[in-house]
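Visitor: no sequence for this one, just the structure:
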DNA sequence: GATGAATGAGCATTCATTCAT
DNA sequence: CATGAATGAATGCTCATTCAT
């Protein structure tokens, strides 16, 4: 492996260790020494790969966001031709995210809690991340409207962010209980139902 | 005013000062001295009314939650007799919350950011708060189902929390931009639309 | 004693403790904790009175410079009417400085060694201090020239600094050995001889 | 070149690099890595030629002292036969030292500032160096006395060190301003005047 | 009751030094 | 021989908390 790759590998190792420790103890309760100990290296080593503590929390959060984004990216916004196909997509994404957070509750801790309360800049960054997810959902809605299976008068930007709000609420629910698969399916079904047909009798 | 009331008044003053400073600088960046200075008292005084720093952030967050809860409580879950009345309620709550966060962005900072990343206990507390809000929304849905204007097969607990997720997404949007009233109305309408009739064409 | 005086008193106490410890161990070998321990206070106390470590070394050096300046200021540059009176002044100043450094070798350590090697700024400050001492000696020479007992063609600025160089060399000699009074008198006499009449046969 | 010479050459290279960096940033602000970087080698290499950081500062200071000593050694203490020849020697040495410090201000930084404040041992070493310079100047005075052109009652050891004090004051002046040649000549003349004939009218 | 001086636990960060490659 | 990755001792500094006045 080339030098650069080794450095990148080391960075990844440290980021993973930090991910774990931040999730367990929280960012502010975690000392650099805790991260180093988790990895079994001297804490001076940390500073060979990261400029400071603030530096790594950004990486950790980005790693969390990326893992979530990967799930979302596994579906294609322009794919659905009918409302049934769209509903299936929504359910698949919902279930996949649910599983993601059930499989790794630390991911939720980082994403929902530790990414807040670090500093202004990171909070701002998370708001932007929220916008990015919003833009993705917009594309699904645009597809539905242009294909004619979603209402033509849909307020796409707002509705997209509202839908994401539901999805995050579901992710939080997944994290909250060690929810079994049945809960996951109830969530994805209920959210899909609401998106498609609403709650009206 | 009785002795006890005076004490309670002082506590409220300090909480308000802390609310302001936490929102501005963040919980972890704020020192007890900052809170005391904001109030123009010696920082020893703080400890006559609160046990420690952790103590007050709980109060501050509770204050934020209460202000939000007040808005929600201004509507009555069992009131709506028709789907139109329900929709009107949803829109009113949405607009009121939107206004709340627009009028006081510090409230959003506390509620969305500073309440996270303090410690495990407070995070847990916020999850419970989320449950409480969920229970409230459940009552609206139960009312709708029992009155027959909402689907009988609605998964009430899950849908309630999903709806709240949308509302929080809206609150975040309100915070994000200094959104004008027009945005507020788009949000409350879009969310109500989705709840009532879904997005299907 | 007023509040402000107490603060100033404390500052002086700490400066004295730092003076002692810096002289013993050297600035760079001294930790804030050492200064605090010398004084028998917690090291947090230090930071109530000084902004940082750099802050106090400036005070310590200034204290040293002031004590030296006091000795110099005890004579009056315009007083001497004859070369004999001037010579007497030179010898008195020489002896007084010699005694000062013999009585408190720590003063010499601070002045000659610890004031250097801290940082650029302090070195610059010491060069300026040197200029101030130079200006004082200039006044003695100006007096001598105007009274006619020193050469009219004297290069006053340069000669003043050269004379100070001799005096500092003497101070260093005082510091070096625990020189007895006899050495002190040899120095002040030899320097005065050189200033007045030179070394020529 | 023999093995040993190569090693010695390397040592010299490193010493020169350290000389430069110490003069620029100061001993305490300089890391071994800075020296290595200046030389374009790995910082591990440093430890193949020097035992530790303390080791090299001694070499650097010695190098500075040697360069000064070389200038002094270019004159011969026993050469002067008359007071005019002695004065010429004094002026030549003065001008040469002045030029030395003007041409390489880093030399002054090392000699006057960085040699102090390292540790007790190096300070002691500099005091001894001062003695060595004192002994050299003594020989000039002894020559003058024995040749009869300097006072027989001269306190040679003390006067020698006093004269050196003037010379160092001049060196400091050279360093201080980027002094032009005119200042140099004023200094060497004024110092020689004082040594030979004093300041008396 | 109010105050703020005193305190020291706690932590991020640096950097001289070692040593495996 | 050269290198630089790894290390951890060392330290400046902050700030929540206490308590004498």
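Guide: On my side now, so go ahead. Because the structure is a prediction, the values reported are computed rather than measured. Residues are numbered from 1 along each chain as shown, chains lettered A, B, ... in the order given.

Visitor: in chain A, which residue sits nearest chain D?
Guide: Relative to chain D, the nearest point of chain A is residue A:48 (12.3 Å; C-beta to the nearest C-beta). Where C-beta positions appear, they are placed from N, C-alpha and C, glycine not excepted.

Visitor: what is the burial count for that residue?
Guide: Burial measure for residue A:48: 12 neighbouring residues, criterion other C-beta atoms under 10 Å in any protein chain shown.

Visitor: what are the buried residues along the strand or helix carrying residue A:18?
Guide: With the criterion set as DSSP states H and E, the secondary-structure element containing residue A:18 is helix A:3-25. Along helix A:3-25, the positions that meet the burial threshold by neighbour count (16 or more other C-beta atoms under 10 Å in any protein chain shown) are A:14, A:15, A:17, A:18, A:19, A:20, A:21, A:22, A:23.

Visitor: and what of stretch A:138-157?
Guide: Judged by neighbour count (16+ other C-beta under 10 Å), stretch A:138-157 contains these buried residues: A:138, A:140-145, A:147, A:149-151, A:154-157.

Visitor: from these, which single one is nearest DNA strand F?
Guide: residue A:157 (39.8 Å; C-beta to the nearest atom of the strand).

Visitor: quick one: secondary structure of the nearest residue to that closest one once chain neighbours are set aside?
Guide: Taking C-beta to C-beta, 6 or more residues apart in numbering or on different chains as the measure, residue A:157 lies nearest to residue A:138, with 6.1 Å between them; neighbours along the chain are not counted. State at residue A:138, reduced to three classes by DSSP: H, G, I helix; E, B strand; the rest coil: helix.

Visitor: briefly note if stretch A:41-52 comes near DNA strand E.
Guide: Yes. Under the criterion of C-beta under 7 Å from any atom of the strand, stretch A:41-52 makes contact with DNA strand E via A:43, A:44, A:47, A:52.

Visitor: residues contacting stretch A:123-139, please?
Guide: Identification of contacts with stretch A:123-139 by C-beta atoms under 8 Å, 6 or more residues apart in numbering or on different chains yields A:58, A:61, A:65, A:69, A:72, A:77-78, A:115-116, A:156-157, A:160-161, A:163-164, B:113, B:172, B:176.

Visitor: ok, now stretch A:32-48?
Guide: With C-beta under 8 Å, 6+ apart as the test, stretch A:32-48 has contacts from A:13, A:14, A:17, A:18, A:20, A:21, A:25, A:53, A:56.

Visitor: how does it look with 6 Å?
Guide: A:17, A:18, A:21 (C-beta atoms under 6 Å, 6 or more residues apart in numbering or on different chains).

Visitor: for residue C:90, state which of the residues you listed is nearest.
Guide: Each of the contacts of stretch A:32-48 was checked against residue C:90 using C-beta to C-beta; the closest is residue A:18, at 69.3 Å.

Visitor: what's the most distant pair in the buried residues of helix A:3-25?
Guide: Applying C-beta to C-beta across those, the maximum distance is between A:14 and A:23, 14.7 Å.

Visitor: thinking again about what came up before, which one of the contacts of stretch A:32-48 sits closest to chain C?
Guide: Of all those, the one sitting nearest chain C is residue A:21; the distance, using C-beta to the nearest C-beta, is 28.8 Å.

Visitor: quick one: residues contacting the closest one.
Guide: A:30, A:34, A:35, A:38.

Visitor: now the first one, what's its secondary structure?
Guide: The reference is to residue A:30. Classification of residue A:30 into helix, strand or coil gives coil, according to three-state DSSP.

Visitor: returning to that earlier point: okay, the buried residues of helix A:3-25 in a markdown table with pLDDT and distance to DNA strand F next?
Guide: As requested, the buried residues of helix A:3-25 are exported to a markdown table (pLDDT from 0 to 100; distance: C-beta to the nearest atom of the strand, whole Å):
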| residue | pLDDT | distance to DNA strand F |
| --- | --- | --- |
| A:14 | 97 | 10 |
| A:15 | 97 | 14 |
| A:17 | 97 | 12 |
| A:18 | 98 | 15 |
| A:19 | 98 | 19 |
| A:20 | 97 | 18 |
| A:21 | 97 | 16 |
| A:22 | 97 | 20 |
| A:23 | 96 | 23 |
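
Visitor: adding distance to residue C:126, write the residues you listed out as TSV.
Guide: Below are these laid out as TSV (distance: C-beta to C-beta, whole Å):
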residue	distance to residue C:126
A:14	45
A:15	48
A:17	49
A:18	46
A:19	52
A:20	53
A:21	48
A:22	48
A:23	54
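
Visitor: do a quick rundown of the helices in chain A.
Guide: Taking DSSP state H as the test, the helices found in chain A are A:3-25, A:32-39, A:43-49, A:53-73, A:83-103, A:105-108, A:120-147, A:156-176, A:181-197.

Visitor: and those, which is most packed in?
Guide: Across the helices of chain A, the average number of neighbours (mean count of other C-beta atoms under 10 Å in any protein chain shown) peaks for helix A:156-176, which reaches a mean of 24.

Visitor: now do that helix: which elements does it pack against?
Guide: Helix A:156-176 is packed against helix A:83-103, helix A:120-147, helix B:156-176, helix B:181-197, with contacts defined by 3 or more C-beta pairs under 6 Å, 6 or more residues apart in numbering or on different chains; DSSP states H and E.

Visitor: contacts for the shortest one next, please.
Guide: For helix B:181-197, the surrounding residues in contact (C-beta under 6 Å, 6+ apart) are A:155, A:158-159, A:162, A:198-200, B:87, B:90-91, B:94-95, B:98, B:166, B:170.

Visitor: which residue is the nearest non-sequential neighbour of residue A:117?
Guide: Counting by C-beta to C-beta, 6+ apart, residue A:117 lies nearest to residue B:117, which is 2.3 Å off, once chain neighbours are set aside.

Visitor: report the contact partners of that neighbour.
Guide: Applying C-beta under 6 Å, 6+ apart, one finds that residue B:117 lies in contact with A:113, A:114, A:116, A:117.

Visitor: same question for residue A:118.
Guide: A:27, A:57.

Visitor: quick one, phi psi at it?
Guide: The phi/psi pair for residue A:118 (degrees, to the nearest 10) reads phi -80, psi -70.

Visitor: and it, how far is that from residue D:85?
Guide: When C-beta to C-beta, to the nearest Å is the yardstick, residue A:118 and residue D:85 sit 78 Å from each other.

Visitor: where does the prediction get shaky in chain A?
Guide: Where chain A drops to pLDDT under 70, the residues are A:1-2.

Visitor: get me the contact residues on it for DNA strand E.
Guide: Proximity of chain A to DNA strand E (C-beta under 7 Å from any atom of the strand) is limited to residues A:29, A:30, A:31, A:32, A:33, A:43, A:44, A:47, A:52, A:53, A:54.
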